[in-house]
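Novice: Below are the sequence and a predicted model for it; my questions follow.
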Amino acid sequence: MRTSLDRDAISQRAALLFAGAILLVILVLPLATLFEKSFQNRNGEFVGLANFVRYFGTPSLVASLWNTLWVSVLATCIVVPLAFVYAYAIRRTTMPGKHVFRALGLVPILAPSLLPAIALIYLFGNQGIARFMLMGESVYGPIGIVIAQVFFCFPHAFLILSTALAIADRRHYEAAEVLGAGRLRVFLTVTLPGVKYGIVSAFFVVFTMVATDFGIPKVIGGRFNVLSTDVYKQVIGQQNFEMGAVVGMVLLIPAVLAFVADRWVARRQVALLSARAVPFEPQKHPLRDWLLFGFCALIAGCILVVLGISIWASLITYWPYNLSLSMRNYAFANADASGWSSYFNSLTMSVLVATIGTTVIGFGAWLVDKTRGAEFLRGVVHLLAMIPLAVPGLVLGLAYIFFFNSPKNPLVFMYGTIGLLTLNTIAHFYTVAHLTTLQALKQLDPEFESVSASLKISVWRTAWQVTLPVTSPALLDVWFYMFVNAMTTVSAVVFLYGPFTKLASVSIINMDEAGFTAAAAAMGCTIIATSAAAKILHSLLAEWLARRTQAWRSR
Amino acid sequence: MDRNVVKSGTAMALAIAAMSLMAAGADAQQRTRITVYTAIENEQLQPFKEAFEKATPDVEIAWVRDSTGTLTARFLAEKDNPRADAIWGLAVTSLLAFEQQGLLADYKPKGYDALKPLFKDQAAPFTWHGIDAFAASVCFNTAVAKAANLPTPKTWADLLNPAYKGKIVMPNPASSGTGYLTVAAWQQLMGDGPAWAYMDKLHDNVGVYTHSGSAPCVQAARGEFAIGISFDMRAASEKTKGAPLDIVVPTDGVGWDMEASAIVKATKNMAAAQKLMDFSSSADANAIYAKYYNIVAHPAAKGSAANYPAETEARLLKIDFAAMAANRDKTLAEWTKRYDGKSAPK
């Protein structure tokens, strides 16, 4: 028994070290190079804090810091409650149309962030069809940013909260009922504590998403500056890499906060689903169910309007003068030299990102959760896995240029290839995939491992025969999360594509910047169509998988 | 049963990954492929590439296209390990900065002697030659103007009219080549101090600063804003598409920049890059440039774009490009300090 345990412990630790090494190369070393840059001047000489002093001495840049903060807080405080109610309605009630609502709630995830912003211009811009609704306010600025961010971040919060709400132990609710607790009390003392890990995760994920997204403020921010557009302007406009690095460092602050909070909550999270748990199944309650149905219909309706406007915009021949519909905007070669090839590059990269990413991240999360002992190592790998959450794509992209394009780097051959774009994108979306897997793993009772150990079954075998099948729906979610995000991501890859590896999302940026808004919308719709097809495949697979592996959840 | 599910899923995923890797590796090439950085407009890339490859069948172009500021930033970020073999169509003010850092090769292309003097590097090392010029233009949407009862501007000073408050859109000079040439021209036209005083007042009328130089005219064409400060060819093409635009070339003179070509010193395909320079400076190439630009490097090529404002060439200011390149950092820092992120749109 002892030897078997030791062999497990050693192999798990070795694997954990390997996972840490991967994160080191795809994340830490590039960021360290960038960190170094923030303390150097243009010629690479060390200048201490001079860049930071200059940054905080520039009032407009400090104003961006404040703008980013309040816009992110506002958008987060709108998104998370909306997503919570939406997820609650789907997971914990018997309301009709749940599958449709779930699918519609995830629609915004299928689009690059630029697309809702483009749609808002058609809706509320100075020539917009519904501009009267803003009562004279301009959509260019915080209003447009917040609306578009709410739309864009909704599915991300929904996904996390929906996973958190997916499982509950019916015995807790039965106990509460027996003790005579009212509905509100049950909600406050049973439901909320059970998902607080998910809620805190959702807050940080959304906050950092809003704070670091640059697609939306770029399209609809007007003269309202935020940190991410500052990075873009400092680097791209003024070729001022060291100041870009400084803003990047400032944007890392939320990551540190997120990490501290995450550890704090995680320590208080008790496994919800013990080996003796009885799965929760919602009971009928017509008033609540129909009220929530109305709420979900409203949210889903808003999502459909934005989607519909995007498709309509992509089909209009020359807005607003020639409203006849045509496919002209889909002939991308007229608007961007790479034409349709950028789309196929995106497809290739997304499959690679999803497949390699799910394997590596799922495995890494399992090691972080299930390695016996090795507290320090697990903490380090988890910390590394949390970092990408707050690293803006632009900063990661910039870091990759400095790190991978240095002649001294043995990996320099990867520069400009699909391979590097793949690595970068895996690193960029590591955290949410990691947290989703971890969330699924945390709901499994550690007793499974204890029982296996006492039966002298190796941890690897338990993982393969119990943990993997049970968490396979979460892994499937992760695969499609990675695929769809790889299809839609812009900010990191905009610096890294090579002459033959331009991506669809980058060509949207290029087309929008050049003023080919309709063609940009058309490419956005092509991406949506692809992601939607993937999603349909996802739900078919998920249903099949659930039938095969999740029968134990219901009695 | 569980294991089968997982196994078949894994096998499928691996098969997909293998297939996509194969697809990614499967485009081997016989001809010399050179990477060319450019900032010319998207619709010009295909015709330029076809013409060159027809004239030089053994060389193939792979474009990297971005707006002037982006491409310049990228080129400088990569300077320790350059990725481009050549540049075909990037603002000369950027190329002057590259030349200063020793990143460009010394080469006088075959067509050099025939080009207009203004369009070629006059002192050793001979690193660049111009291909075309683009000038600032103001796009004025007559439909929006009629609805809001706005007068047509004639000069730069007219843009300060309080009636235009929030209705002007101009490119951010920090990212846009058009934006910077416009600001640099104001500085050279009015003098440094008065130019900043002018921009202080103009700032009150500007609704949005855009990333690219095309976007302001496109937004004016769509009626998103009444007035877009942009460049000549985009103004002409939007009007040709049917937008209700007046193209205003301010009578006090407009700024302009030149797009130019050069060889990257570190290229491993020097012979192919030289062939590209020979073509780029040829009369044939200039005939193609002239389809899109009215002012081109070769004296024999005449522009023919529809709706092009004929008065532009006469109103071009005399620009000191060396000063414009040298002042870029300082001007942009000052511009950013004054106008960037100061406030939300009013």
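Specialist: Perfect, I can see it now.
Novice: all helices for the stretch 51-200 of chain B, in order.
Specialist: B:68-77, B:92-100, B:142-148, B:177-190, B:192-205 (DSSP state H, counting those that start in this stretch).
Novice: Check the average confidence over the third one, would you?
Specialist: It refers to helix B:142-148. The predicted model assigns helix B:142-148 a mean pLDDT of 93.
Novice: swap in stretch B:298-307?
Specialist: pLDDT averaged over stretch B:298-307 gives 88.
Novice: which residues of the stretch 201-350 of chain A score low on pLDDT?
Specialist: Counting by pLDDT under 70, the stretch 201-350 of chain A contains low-confidence residues at A:236-239, A:254-256, A:258-259, A:262-263, A:266, A:268-275.
Novice: Show me which residues of it are close to chain B?
Specialist: A:218, A:222-225, A:230, A:232-233, A:235-239, A:241, A:318-322, A:333-338, A:348 (C-beta under 8 Å from any C-beta of the partner chain). The way it works is simple: take the backbone N, C-alpha and C, and place the C-beta from them, glycine included.
Novice: Give the next helix or strand downstream of the helix or strand bottoming out on mean pLDDT in chain A.
Specialist: In chain A, no helix or strand scores lower on mean pLDDT, DSSP states H and E than helix A:253-268, which sits at a mean of 69. Using DSSP states H and E, the helix or strand that directly follows helix A:253-268 along the chain is helix A:286-315.
Novice: Which other helices and strands does that following helix contact?
Specialist: With contacts defined as 3 or more C-beta pairs under 8 Å, 6 or more residues apart in numbering or on different chains; DSSP states H and E, helix A:286-315 has these neighbours: helix A:59-92, helix A:98-105, helix A:114-124, helix A:142-166, helix A:517-549.
Novice: please redo it, this time with the cut-off set to 6 Å
Specialist: Other helices and strands packing on helix A:286-315, by 3 or more C-beta pairs under 6 Å, 6 or more residues apart in numbering or on different chains; DSSP states H and E, are helix A:59-92, helix A:98-105, helix A:114-124, helix A:517-549.
Novice: which parts of that helix are buried?
Specialist: By neighbour count with 16 or more other C-beta atoms under 10 Å in any protein chain shown, helix A:286-315 contains the buried residues A:288-289, A:292-293, A:295-296, A:299-300, A:302-303, A:306-307, A:309-310, A:312-315.
Novice: Then stretch B:214-234?
Specialist: Under 16+ other C-beta under 10 Å, the buried positions of stretch B:214-234 are B:214-234.
Novice: Show me those that map onto helices.
Specialist: Taking DSSP state H, the ones among those that sit in helices are B:Ala215, B:Pro216, B:Cys217, B:Val218, B:Gln219, B:Ala220, B:Ala221, B:Arg222, B:Asp232, B:Met233, B:Arg234.
Novice: Pick the one among those closest to chain A.
Specialist: B:Val218 (3.0 Å; C-beta to the nearest C-beta).
Novice: what sits against the closest one?
Specialist: The contact partners of B:Val218, by C-beta atoms under 6 Å, 6 or more residues apart in numbering or on different chains, come to A:Gly515.
Novice: cool, and the one 10 residues further on?
Specialist: By C-beta under 6 Å, 6+ apart, B:Gly228 lies in contact with B:Cys139, B:Val169, B:Pro216, B:Cys217, B:Gln219, B:Ala220.
Novice: mind putting the residues you listed in JSON lines, distance to chain A included?
Specialist: What follows is the contacts of B:Gly228, written out as JSON lines (distance: C-beta to the nearest C-beta, whole Å):
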{"residue": "B:Cys139", "distance to chain A": "11"}
{"residue": "B:Val169", "distance to chain A": "10"}
{"residue": "B:Pro216", "distance to chain A": "8"}
{"residue": "B:Cys217", "distance to chain A": "7"}
{"residue": "B:Gln219", "distance to chain A": "7"}
{"residue": "B:Ala220", "distance to chain A": "10"}
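Novice: near chain A, which residues of the stretch 101-250 of chain B?
Specialist: B:Ala174, B:Ser175, B:Val208, B:His211, B:Ser212, B:Ser214, B:Ala215, B:Val218, B:Gly223, B:Glu224, B:Lys241, B:Gly242 (C-beta under 6 Å from any C-beta of the partner chain).
Novice: one more time with 7 Å, if that's ok
Specialist: Residues of the stretch 101-250 of chain B lying close to chain A by C-beta under 7 Å from any C-beta of the partner chain are B:172, B:174-175, B:207-209, B:211-212, B:214-215, B:218, B:222-225, B:241-243.
Novice: Which ones among those lie within strands?
Specialist: B:Gly207, B:Val208, B:Tyr209 (DSSP state E).
Novice: Throw the residues you listed into JSON lines and include neighbour count and pLDDT, thanks.
Specialist: What follows is these, written out as JSON lines (neighbours: other C-beta atoms under 10 Å in any protein chain shown; pLDDT from 0 to 100):
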{"residue": "B:Gly207", "neighbour count": "24", "pLDDT": "88"}
{"residue": "B:Val208", "neighbour count": "25", "pLDDT": "87"}
{"residue": "B:Tyr209", "neighbour count": "27", "pLDDT": "89"}
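Novice: end to end, how far does stretch A:205-219 reach?
Specialist: Distance across stretch A:205-219, first residue to last, is 22 Å (C-alpha to C-alpha, to the nearest Å).
Novice: Okay, buried residues for it please.
Specialist: Within stretch A:205-219, the residues that count as buried by 16+ other C-beta under 10 Å are A:205-219.
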